[in-house]
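Student: Give me coordinates for this.
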Amino acid sequence: MPNSQHAFASTLSEFRTASGRTGSYYSLPELARQHPNVKRLPVSLRIVLESVLRNCDGQKVAPEHVTQLANWAPNAARNEEIPFVVARVVLQDFTGVPLLADLAAMRNVAAAQGKNPKAIEPLVPVDLVVDHSVMIDHYGSKKALDLNMKLEFERNRERYEFMKWGMQAFDTFGVVPPGFGIVHQVNLEYLARGVHKTGKKTGKRAGQVYYPDSLVGTDSHTTMINGIGVVGWGVGGIEAEAGMLGQPVYFLTPDVVGFELSGRLREGVTATDLVLTVTEILRQAKVVGKFVEFFGEGTASLSVPDRATIANMAPEYGATMGFFPVDDKTLDYFRGTGRTGKEIEAFEAYFKAQELFGIPKAGEIDYSAVIKLDLGTVTPSLAGPTRPQDRIEIGHLSGKFSELFSKPVAENGFNQPAEKLGQVFKTTSGLDIRNGDVLIAAITSCTNTSNPGVLLAAGLLAKKAVEAGLKVQPHIKTSLAPGSRIVTEYLEKAGLLPYLEKLGFNLAAYGCTTCIGNAGDLAPELNEVITGNDLVCAAVLSGNRNFEARIHPNLKANFLASPPLVVAYAIAGNVTVDLMTQPVGLGKKGKPIYLGDIWPTSEEVYALMKYAMNPKAFKQNYEQVDKKPGKLWQAIKGVEGQVYNWPQSTYIAQPPFFQGFTQEPVFTAAGVQGARIMALFGDSITTDHISPAGSIKDSSPAGQYLLAQGVSKPDFNSYGSRRGNHEVMMRGTFANVRIKNLMIPPKADGSREEGGWTLYQPSGEKRYIYDAAMDYIAAGVPTVIFGGEEYGTGSSRDWAAKGTQLLGIKAVVAKSFERIHRSNLVGMGVLPLQFKTGDSWESLGLKGDELIDIRLEGELKPQREATLVVTRADGSRFERALILRIDTPIEVEYYRHGGILPFVLRQLLAA
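Tutor: This is a model prediction of the structure:
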């Protein structure tokens, strides 16, 4: 569209950099002449507004979208959607592979219809960082990294060949190979550009149009990038696909909660302690679906890594973003990570011209609500044993564990007799194991491995511990898996790596390991003693997720902690040791050593910070992505050509989402008739429960399938690595070892059976959910699921929705939904429906043997009322009103088309 036709052409302006270069931009201060309200908008919303303004083409983005957002009111009803066109998309390999498979399948459809396969091409830059595939099989030795990477490449060769095909087939698709780091850290240090510019000339102004970096990513912790003022968040692979194929990311206009930080952290308190405190506060404040924006003098004092650590945890506190505006500290971070002077100059000049530079002070911006925290009140903490928002002050951990040990399961307890807590159980080799024993201690995950402050603190604590004569028991699985190669560089330069190694924290991987269930297995004798005696043993990790069965299927208690605390608990060996009053361990000559004796001071950490920000090191490291990606990666050879030929593989298979594809959608009436209930679930069913993740049991439907394909058990790999094969993934959906289908009656002691079971109706026979689903599909019987509060909390797992759809489930009825999972269900053509306040499947007396109809009469509209019709086994019937959680007009279109993928494919082929 020529610039003169742009509805807001008058806002196109010019800015000048310090050295006199100029650039064009769509000016928010100019827009504020028409809409004065813009000056009071939260910074995060103004960045979204810039995208809406710049992309206002009268089609995808209309002038009224600009006007609506420019006039955002802090406490209005939220029923308008924003079409947000992002600058780029970032993927990790677990979620990226199925997305690439969908793109490849779209090219198959294009070729079959005689169209040019190149019509299917990402329209924005897409970067895939391979970080989820490495597992901690080897630990505690100098060879651990090399051995783990060799195994990674052996297990994942077929996936990596597929990625290599994608790199040559798509012009805008790049891969950062294994061994460079975690996607969010690579994003912060390397991929994020601050500002982008178009290649087009704009009317009379010959300059390129500059615009801020923004993105969506297929990992919920994409929000880490909010720490450097980039608007971005995690979406399902389904939404990311639409975003990279030119669709705006649609979302309801959000509330923006201001979080005012004041004061400073006290001596000995880490960024992790602050994060766990913020997570607890915001989870209680119910910020699901809202933007959180940090402001105030305490915010301005935080380093960028500390900001990024808080931003990373947005999914744990439930917000769409945890946003920090751009300021001088952001510029310092860009300099320290090796960005060019020219880039930084344009970045600074652009943000200042847009009046977006600097951390706002109290009263400068209108927020929907304001929450305040004095940093001086934060105390050393952990979180657990099963949820990241359950913060425990370090001095209370021992008591809290002892209390939960005997509490009933309904109160998050472990339901064990109190006298069992102190008992000793012997392994076959004579090792003493107790309840509360730490069996995994991992410095892992994007949250803290980005943060030099806490990593240097862990190294210093290790140094003091070794010098005092403290050790870690060899049966504890210790690992160091940093988010970036830079971490080992500064730990080496600071002279701290040898001390971490002496305690068993050898470098084991650069990737997302223990936090996502890639901890590798425990020794068989440990598994035997735990399962044989129903022990509650622990993992302590510097991660952000600790949901049931996520870290290891046999470890029931998992605590999130700062890296130095991970090292301290590895030495202590049991979570019932109170580190505030008891020794961490016995040092030289049996001397008791306390946590205070080995805890580093802020000055000691600060003195080593100079090693962490070395522009030259960053530059040299990331130049290797293209020039020296590593021998293992260079040895991988992919298929050539524009259309994939789908060679036989148990890792990659042609997805079934486009079977019977027609250019015009075939839409049958919305609603569900004569459905059976597949499951009745309680509150907080996470995408970890729904989506296949972690190891594959040989007795499970997925394990049986792989054995039938000639795959031996040692080669099963993880569900995550097999995300490109729908046959494996649909068999693993709802198959988590800890999921509880409450259709199955309780045992005599009131406890519930765990695992992916259902009662097949009308016979009432107990079967695997997958097997029951296949028989229901064969009989032409639709199925539905009922859930409780926060259904679908957790990572943005596209397979939680894809698997649901492939199992023939037509609707999910819950008390409330997590944001990403709800939109993913719609994106796969599954109806999400919400009970009205006060109703639940329990209050309706559902048992699981009922027949279900869901009526949607008249026009399909967002958030309209639907009717649930229940026919009990005795023939009696009743009705209840539900709310349809298809939230926006574009979601209505997705549902009519059978999902977002057929919708986008039809658009691309029509163009």
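
Student: next one: phi and psi at the closest residue in space to Leu53 that isn't next to it in sequence?
Tutor: Using CB to CB, 6 or more residues apart in numbering and skipping residues adjacent in sequence, the residue nearest Leu53 is Tyr26, 4.9 Å away. C-beta coordinates here come from the backbone N, C-alpha and C atoms, glycine included. Note on Tyr26: backbone dihedrals following degrees, to the nearest 10 are phi -80, psi 110.

Student: correct me, but Tyr26 touches Ser51?
Tutor: No - in this structure Tyr26 lies outside contact range of Ser51 using CB atoms under 8 Å: 9.3 Å.

Student: Identify the contacts common to these two.
Tutor: Tyr211 (CB atoms under 8 Å, 6 or more residues apart in numbering).

Student: circling back: contacting residues for the residue nearest to Leu53?
Tutor: Counting by CB under 8 Å, 6+ apart, Tyr26 makes contact with 8, 11-13, 50, 53-54, 209, 211.

Student: Leaving out the residues flanking it, which one is nearest to Gly289?
Tutor: Arg819 (5.1 Å).

Student: And the residue nearest to Leu53, how far from Leu382?
Tutor: 46 Å (CB to CB, to the nearest Å).

Student: Just give the nearest non-adjacent residue to the residue of the chain positioned farthest from its centre, would you?
Tutor: Distance from the C-alpha centroid of the chain, by CA atoms, centre = their mean, peaks at Lys589 (46.6 Å). Counting by CB to CB, 6+ apart, Lys589 lies nearest to Gly469, which is 7.9 Å off, once chain neighbours are set aside.

Student: what about the helices in the stretch 151-300 of the chain?
Tutor: For the stretch 151-300 of the chain, the helices defined by DSSP state H, counting those that start in this stretch cover 183-186, 237-244, 271-284, 297-301.

Student: Of all the ones you listed, which one comes closest to Gln654?
Tutor: Gln654 lies closest to helix 237-244 among these, at 15.9 Å (CB to CB).

Student: can you list the residues that contact the closest one?
Tutor: 86, 89, 91, 95-96, 98-99, 102-103, 122-124, 126, 172, 216-218, 235, 249, 796, 798, 801-802, 820, 823-824, 827-828, 899-901, 903-904.

Student: Any of those residues buried? List them.
Tutor: With burial judged by 16 or more other CB atoms under 10 Å, the buried subset of those is 86, 89, 91, 95-96, 98-99, 102-103, 122, 124, 126, 216-218, 235, 249, 796, 798, 801-802, 820, 823-824, 827-828, 899-901, 903-904.

Student: so is Gly459 in a helix, a strand, or just coil?
Tutor: In the three-state summary, Gly459 is assigned as helix, counting by DSSP: H, G, I helix; E, B strand; the rest coil.

Student: Tell me how far Leu491 lies from Arg307.
Tutor: Leu491 is 22 Å from Arg307, by CB to CB.

Student: How about Met224?
Tutor: Taken as CB to CB, the span from Met224 to Arg307 is 9 Å.

Student: which one of those two has more residues nearby?
Tutor: Taking other CB atoms under 10 Å, Met224 and Arg307 do not tie; Met224 has more neighbours (32 against 28).

Student: these two touch, right, the more buried one and Ser450?
Tutor: Yes - judged on CB under 8 Å, Met224 makes contact with Ser450 at a distance of 6.9 Å.

Student: Listing request: residues of the stretch 701-850 of the chain with sub-threshold pLDDT.
Tutor: Applying pLDDT under 70 to the stretch 701-850 of the chain picks out residues 795-796.
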